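sequence and predicted structure are below.
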Amino acid sequence: MSKKSVKEIRPTVSEVPSETPRQEASPFRELDRMFDRFLERGWGHPLRWDLPVFERLAAGSRMPKVDVVNRDAEVVIRAELPGMAREDLDVSVTDSTVTIKGESHKESKEESGEYYRCEISHGRVERTVALPCEVDAEKAEARFNNGLLELTLPKVKEVPRRKLDIK
């Protein structure tokens, strides 16, 4: 068996199957990842911003996930607020929007002999949701249980659903 040089053994670029993903070092790959992380936080919705973007970034608040359910006589909003307590929340309602704000601060310390542990966590959430119709803010109700906030907002004018025949 004859010895082949390294150059002869390595496949050329044209010999590499096209299905094989190539991991090239791209100077823009990390920038793309950073941009994607930035957008997944809800920055792509400028109509929902309460603060200018730079103030919001500095404040470090995040937007809680919400469900908006449009029923015949009411609008129900459910917001996930894990780690928050009822006292930490501030909810305000207008005829066409709901604003949910919350801030939590927890500190735990543990000392045992030479062992010392101290953890501090701080979280802030804020979100304004545009409502699908006009609601009666005076009759709105809020319940909070195990990190789930549920708002029941009666509509000003009830709009019954009507079934349509498909032709």
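That came through, no problem. Every value quoted in this text rests on a predicted model; they were computed, and no experiment measured them.

low pLDDT regions in the chain?
1-27, 35-61, 159 (pLDDT under 70).

all strands of it, in order?
Using DSSP state E, the strands found in the chain span residues 66-70, 74-80, 89-93, 97-112, 115-130, 141-145, 148-154.

between the third one and strand 148-154, how many degrees?
I take that to be strand 89-93. Using axes from the mean of the first three to the mean of the last three Cα atoms, to 10 degrees, the direction of strand 89-93 lies 20 degrees away from that of strand 148-154.

next: the second one.
What separates the directions of strand 74-80 and strand 148-154 is an angle of 170 degrees, with the same axes, to 10 degrees.

on that earlier part again, who wins for proximity to F28 among the strands of the chain?
Nearest to F28 among the strands of the chain is strand 115-130 (31.4 Å), distances taken as Cβ to Cβ. Backbone N, C-alpha and C define where each C-beta goes, glycine included.

in the closest one, which residues are buried?
123, 125-129 (16 or more other Cβ atoms under 10 Å).

any figure for the gap between H122 and D32?
30 Å (Cβ to Cβ, to the nearest Å).

show me what contacts the closest residue in space to E110 that isn't next to it in sequence?
Distances taken as Cβ to Cβ, 6 or more residues apart in numbering place R117 nearest to E110, at 4.5 Å, with adjacent residues excluded. Neighbouring residues of R117 by Cβ atoms under 8 Å, 6 or more residues apart in numbering: 108-111.

ok, V76 next?
67-69, 150-153.

show me what it is bridged to.
V69, T152 (DSSP bridges).

okay, it and K139: tell me how far apart.
13 Å.

equivalent analysis for E119, please.
42 Å.

ditto for E74
E74 is 9 Å from K139, by Cβ to Cβ.

pick out whichever of those two has more residues nearby.
Neighbour count, other Cβ atoms under 10 Å: between E74 and K139, E74 has more, with 19 against 13.

what sits closest to that one if chain neighbours are left out?
P154 (5.0 Å).

cool, thanks, talk later.
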